[in-house]
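Engineer: Sequence first, predicted model second:
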Amino acid sequence: GQQVMQIPQYQHVQEGEDFTTYCNSSTTLSNIQWYKQRPGGHPVFLIQLVKSGEVKKQKRLTFQFGEAKKNSSLHITATQTTDVGTYFCAEGSSGTYKYIFGTGTRLKVLA
Amino acid sequence: NAGVTQTPKFQVLKTGQSMTLQCAQDMNHNSMYWYRQDPGMGLRLIYYSASEGTTDKGEVPNGYNVSRLNKREFSLRLESAAPSQTSVYFCASGIGPGPYEQYFGPGTRLTVT
């Protein structure tokens, strides 16, 4: 079945360093969503990308959708301790109710 | 608005016991979902309900049943719990089929001994 892989699985960074997580699929994605889950919390929607090559920014977060729509990335500039958590990508196939989630990247920020 | 609520927050079951996890949303969403989250495996869809009165299997439905009681409520039942069902269970709701965002409840942490 379709799989969405994320790398890295874990990342420890010093506060102030940048962080990037990558989401890859063997098939073309109709869209990509990003969620953040704080430790002990639930996933919270961050953003959705639909168009090939799309780039969206939210303050220090930059989201990209690959030109071939087979990969996506989330980049955080100058991490803060509030960025700690697990970041998931997910595909919500158009017209279906089945969302495929990536395995997630757990980010730890050392103060 | 409470969003998506789940009960209970924690539960410990013995193998073979049954229980129902409750979920309710107050956002007037049509679609609702049940996921399980295991370490290193992300979120996996158990069942979903596109609208009141309909339910469908997701990726990992074995050992579970669901009921869409009305538009607000979607319950997940474990008829005979097994240790492999130890997990964190999340309910979610959304406006409709992909690609709309999903709103998640706080989760139920279930341990089966």
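Structural biologist: Nice, thanks for sending it over. Just so it is clear, the model here is predicted, and its values are computed rather than measured.
Engineer: ok, now how distant is the closest residue to B:Arg36 other than its chain neighbours from B:Arg44?
Structural biologist: Distances taken as Cβ to Cβ, 6 or more residues apart in numbering or on different chains put B:Ser87 closest to B:Arg36, at 4.3 Å, once the chain neighbours are dropped. For the C-beta atoms, the positions are set from N, CA and C on the backbone; glycine is no exception. Separation of B:Ser87 from B:Arg44 (Cβ to Cβ, to the nearest Å): 9 Å.
Engineer: next one: A:Tyr35
Structural biologist: 14 Å.
Engineer: Of the two, give the one with the bigger neighbour count.
Structural biologist: A:Tyr35 (23 against 16; other Cβ atoms under 10 Å in any protein chain shown).
Engineer: quick one: contacts for the residue nearest to the spatial centre of chain B?
Structural biologist: Central residue of chain B (Cα atoms, centre = their mean): B:Trp34, 2.8 Å from the mean position. B:Trp34 makes contact with B:21, B:23, B:45-48, B:58, B:64, B:66, B:74, B:76, B:89-92 under the criterion Cβ atoms under 8 Å, 6 or more residues apart in numbering or on different chains.
Engineer: Got the phi and psi for residue 4?
Structural biologist: This is for chain A. When read as degrees, to the nearest 10, the backbone of A:Val4 gives phi -120, psi 110.
Engineer: Please refer instead to chain B.
Structural biologist: Main-chain torsions, B:Val4, degrees, to the nearest 10: phi -110, psi 120.
Engineer: beta partners of it?
Structural biologist: Counting by DSSP bridges, B:Val4 forms beta bridges with B:Gln25.
Engineer: Contact partners for it?
Structural biologist: With contacts defined as Cβ under 8 Å, 6+ apart, B:Val4 is in contact with B:Cys23, B:Ala24, B:Gln25, B:Met27, B:Cys91, B:Ala92, B:Ser93, B:Tyr103, B:Phe104, B:Gly105, B:Pro106.
Engineer: possible to save the residues you listed as CSV with neighbour count and secondary structure?
Structural biologist: Listed next are the contacts of B:Val4 as CSV, based on neighbours: other Cβ atoms under 10 Å in any protein chain shown; DSSP: H, G, I helix; E, B strand; the rest coil:
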residue, neighbour count, secondary structure
B:Cys23, 25, strand
B:Ala24, 20, strand
B:Gln25, 24, strand
B:Met27, 13, coil
B:Cys91, 28, strand
B:Ala92, 26, strand
B:Ser93, 25, strand
B:Tyr103, 21, strand
B:Phe104, 22, strand
B:Gly105, 25, coil
B:Pro106, 16, coil
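Engineer: what's the burial count for whichever residue of chain A sits closest to chain B?
Structural biologist: Closest residue of chain A to chain B, Cβ to the nearest Cβ: A:Gly92 (2.9 Å). Neighbour count of A:Gly92, defined by other Cβ under 10 Å: 24.
Engineer: Name every strand pairing with the helix or strand where B:Tyr33 lies and say which way it goes.
Structural biologist: In this assignment (DSSP states H and E), B:Tyr33 forms part of strand B:31-37. Next to strand B:31-37 in the sheet, as set by DSSP bridges, lie strand B:43-49 (antiparallel), strand B:87-94 (antiparallel).
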